[in-house]
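Peer 1: give me a model of this one.
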Amino acid sequence: MEILLSFFNTILLSFVELLYLLGIIIAIGFLLGLLERYSNRFLYGALGPRGVLLTAWIGTPIHEIGHLLMCFLWGHRVTRIKLLQLNSTDGTLGFVEHAYNRNSIYQQVGNFFIGLGPIFSGIGSLILGLYLLVPQSFATFKLQIQQHVSFEKLDLNVLKNFGDALMVIGKSLFTVQNLETPTFWIYLILAIGISSHIALSKADIQNSAKGLQMIFILLVLFNIAAKFLNIDSYKLIGQLAEYNAYVLAFSSIAILFSLITLTVSFLLYKLKNGRRF
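Peer 2: This next block holds a predicted model:
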């Protein structure tokens, strides 16, 4: 009975540690997916199928490149790739098909990160575009990160810093000087396109789930070993999970533009339909 209770506690501890390590990035993925779903619904209602295609030309390749880069990083073999297809019969705008060695723990774990690849490539592209096209706003965003974000315990203070980063980047973008600058408008169009296709598809989520299962199993084994070695695994994982403060700060730019995209698509929908819903 005591052994069974100990094993149950290990399973519960591993689940909590999994939330600490990956809960934030998973939550961000679901939030971006929710915002994108409503944005595309409004765009479809306002402009029809071409409404979604207007943003696909930049957003879909960035989405698929995220999968592709993660495939390379985690040792998967890419078998087929299509960065953009506008005439698909099933509505699939792009895809990356890959194979991996099912006996490789490393490659099995990689499924999680391959599935989440579009979040990384989307956020990275938004930050790179900010650096190249709106350097003043990038400098403000960088300063906010340097002064207010650090490796720390995930608590209300981290969430406050996330909210502050969201406000700072928003205020630094929509200034009179930027509104008069052509590169700002180029960046805005690109950012809306990227944020419109940053979320994960059903297939992406299913693929990530495979890797998540392996990560959980590894955490269980790690906690069993930690007990025998008298190591405080919970404290160790908690310290490792402090990187979430940076995940939240950097993801603020993707969430901001997803909110902007939602607002623009909603206004277009209202203008087209002119009715309440």
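
Peer 1: where does the stretch 1-150 of the chain have low pLDDT?
Peer 2: Along the stretch 1-150 of the chain, the parts satisfying pLDDT under 70 run over 1-3, 149-150.

Peer 1: which parts of it are strands?
Peer 2: Ranges of strands within the stretch 1-150 of the chain are 77-82, 95-99, based on DSSP state E, counting those that start in this stretch.

Peer 1: turn those strands into JSON lines, columns for mean neighbour count and distance to residue 42.
Peer 2: Yep, even glycine has a C-beta here, placed from its N, CA and C like the rest. Formatted as JSON lines, the strands of the stretch 1-150 of the chain follow (neighbours: other CB atoms under 10 Å; distance: least, CB to CB, whole Å):
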{"stretch": "strand 77-82", "mean neighbour count": "12", "distance to residue 42": "27"}
{"stretch": "strand 95-99", "mean neighbour count": "17", "distance to residue 42": "25"}
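
Peer 1: how about a markdown table for those strands, with distance to residue 25 added?
Peer 2: Shown next, in a markdown table, are these (distance: least, CB to CB, whole Å):
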| stretch | distance to residue 25 |
| --- | --- |
| strand 77-82 | 23 |
| strand 95-99 | 20 |
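
Peer 1: if I look at residue 252, how far off is residue 26?
Peer 2: Separation of residue 252 from residue 26 (CB to CB, to the nearest Å): 17 Å.

Peer 1: with residue 245 instead?
Peer 2: 16 Å.

Peer 1: then residue 255?
Peer 2: Counting by CB to CB, the gap from residue 255 to residue 26 is 14 Å.

Peer 1: re earlier: ok, residue 245 and residue 26, which is more surrounded?
Peer 2: residue 245 (24 against 19; other CB atoms under 10 Å).

Peer 1: what helix or strand is that one located in?
Peer 2: Residue 245 belongs to helix 244-273 when assigned by DSSP states H and E.

Peer 1: any buried residues in that helix, and which?
Peer 2: 244-245, 247-258, 260-262, 264-266, 268-269 (16 or more other CB atoms under 10 Å).

Peer 1: before we move on, what about stretch 187-200?
Peer 2: Going by 16+ other CB under 10 Å, stretch 187-200 has these buried residues: 187-188, 190-200.

Peer 1: next one: stretch 130-142
Peer 2: 130, 133, 134, 137, 138, 140, 141.

Peer 1: which of those residues sits closest to residue 7?
Peer 2: residue 141 (46.1 Å; CB to CB).

Peer 1: where is the longest helix in this protein?
Peer 2: helix 2-47 (DSSP state H).

Peer 1: that one: how far from the chain's middle?
Peer 2: Counting by CA atoms, centre = their mean, to the nearest Å, helix 2-47 is centred 11 Å from the centre of its parent chain.
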